[in-house]
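K.L.:
Give me a 3D structure for the following:
(one chain, ligands or ions: 1)
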Amino acid sequence: MTDEASPLQPEASVEELAFEGALRPETLAEFVGQPRVRGQLELLLKAAALQQRAPDHILLAGPPGLGKTTLAMIIGNESGRAVRMASGPAIQHAGDLAAVLSALVPGEVLFVDEIHRMAKSAEEMLYLAMEDFRIDIMVGKGAGAASVPLELSPFTLVAATTRSGMLPAPLRDRFGFTAHLEFYSAEDLTRVVTRSAGMLDIQLTSAAAAELAKRSRGTPRIANRLLRRVRDWKLVHEGSSDIEAVHGALELYDVDAYGLDRLDRSVLEAIAKSFKGGPVGLTTLAASVGEEAETIESVVEPYLVREGLLARTPRGRMLTSEGLRHTGIDGSPDQLDGV
Ligand SMILES: Nc1ncnc2c1ncn2[C@@H]1O[C@H](COP(=O)(O)OP(=O)(O)OP(=O)(O)O)[C@@H](O)[C@H]1O
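P.N.:
Residues are numbered from 1 along each chain as shown. Here you go, the predicted model:
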């Protein structure tokens, strides 16, 4: 979460959270797209309800803004359970997690966002909590220190991560189900835009909704954010058509025809110009565009790879010929010595 969001940044800004809350689908039926994940969750929740037991622990994995928090709330709604929110970065000690776990009411859903950023000591405590609904608390110091078991209320852990590969295997294995969220197709994102426009009372032709969706990086959060900028454009430029408003707003915010933003493009250009098309290591690449490696890896790369513009190889990141074409630099990736 950041204070000020650029239109294509997938993380939510502070002021955006209230707006997002209003647009959040509340049931699986309302949740657009992700048919596989929806089907899997539906089965899991129905089976748990029939057996009158709590649903298994669930891990939601995928890039930011694809609906992980939304799904966690839906899991609570659909199973008739209250959801408690926690976040990995706020759990810096085992004691922070013990406080969260011991406050749970039987049957609650505990949602831990960005679980990969939780402290190691807390991770180990979580293993036992997930398996046996029990934790061991250290009491006292030095030679007199003793471990005291504490029984917990049964709960369902729903955790979200943008980097499932960073989770240790013992933690990953303790989830009964992992949902992998994919970028949305243009058709599904058009449905998201149309739904949000209806809820916000914004008139938009279907062609304008489709164009906006096509340029939203396969991400509902970005589509909703760009929709607000299009609304602004229509308000300020009275009489402009919907499609003119989409083009005008997106151009102003530096969104290109692929839906790439400045950072996406600077990554592609850096590989072409400074690293002769690649391969280049993640840290070197991140330094050359002045961004954190984690942002490049979890935000920029997944979309460029899915669009076929970038390839991740064991030797590093490489441009594909399509990626090179996008930079407007002539040559093929293996002929870039001269650029
Ligand atoms: N499938 C969907 N259908 C309709 N709207 C959606 C869908 N998924 C997400 N949204 C919208 O996008 C916004 C962002 O989704 P959400 O906060 O759930 O993403 P996230 O994956 O949890 O992001 P982060 O990793 O940054 O926490 C939601 O408020 C909601 O309005």
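K.L.:
The host helix or strand of T69 and the ligand in contact?
P.N.:
Of the helices and strands defined by DSSP states H and E, T69 is found in helix 68-79. Yes: Helix 68-79 lies within reach of the ligand by CB under 6 Å from any ligand atom, at K68, T69, T70. Yep, even glycine has a C-beta here, placed from its N, CA and C like the rest.
K.L.:
what about F31, how many neighbours?
P.N.:
Neighbourhood size, F31 [other CB atoms under 10 Å]: 20.
K.L.:
if we can go back for a sec, give me the buried entries from the residues of helix 68-79 next to the ligand.
P.N.:
Buried residues within the residues of helix 68-79 next to the ligand, counting neighbours by 16 or more other CB atoms under 10 Å: K68, T69, T70.
K.L.:
List the contacts of the second one.
P.N.:
Right, T69. R24, F111, D113, A160 (CB atoms under 8 Å, 6 or more residues apart in numbering).
K.L.:
Closest residue of the stretch 201-339 of the chain to the ligand?
P.N.:
Nearest residue of the stretch 201-339 of the chain to the ligand, counting by CB to the nearest ligand atom: P220, 3.5 Å away.
K.L.:
returning to what we had before: among the residues of helix 68-79 next to the ligand, find me the one that's closest to M166.
P.N.:
Proximity of these to M166 (CB to CB) peaks at K68, which lies at 15.3 Å.
K.L.:
The closest one reaches L59, doesn't it?
P.N.:
No: between K68 and L59 there is no contact under CB atoms under 8 Å: 9.7 Å.
K.L.:
Mutual contacts of these two, please.
P.N.:
Applying CB under 8 Å, 6+ apart, one finds that K68 and L59 are jointly contacted by A160.
K.L.:
which of the contacts of T69 has the most neighbours?
P.N.:
A160 (27 neighbours).
K.L.:
mean confidence for stretch 148-158?
P.N.:
The pLDDT scores in stretch 148-158 average 96.
K.L.:
Return the set of buried residues in that stretch.
P.N.:
By neighbour count on 16+ other CB under 10 Å, the buried set for stretch 148-158 is L152, F155, T156, L157, V158.
K.L.:
Just give me the closest of those residues to the ligand.
P.N.:
V158 (11.0 Å).
K.L.:
Neighbours of the residue of the chain found nearest the ligand, how many?
P.N.:
Residue nearest to the ligand within the chain: G67 (2.8 Å; CB to the nearest ligand atom). As a burial measure, G67 scores 26 neighbours (other CB under 10 Å).
K.L.:
what does the one 10 residues further on give?
P.N.:
Other residues within reach of N77, judged by other CB under 10 Å, total 16.
K.L.:
Tell me if I'm right that it and R24 touch.
P.N.:
No: the pair N77 / R24 is not scored as a contact, 10.4 Å apart, by CB under 8 Å.
K.L.:
so who does the nearest residue to L152 once chain neighbours are set aside touch?
P.N.:
Counting by CB to CB, 6 or more residues apart in numbering, the nearest residue to L152 once its immediate chain neighbours are dropped is F133, at 4.5 Å. By CB under 8 Å, 6+ apart, the residues touching F133 are E151, L152, S153, P154, F155.
K.L.:
Quick check: the residue nearest the centre of the chain vs V193, distance?
P.N.:
The geometric centre of the chain, computed from its C-alpha atoms, lies nearest to P64 (CA atoms, centre = their mean), at 1.9 Å. Distance, P64 to V193, using CB to CB, to the nearest Å: 18 Å.
K.L.:
go on, L285?
P.N.:
For L285, the distance to V193 - CB to CB - is 32 Å.
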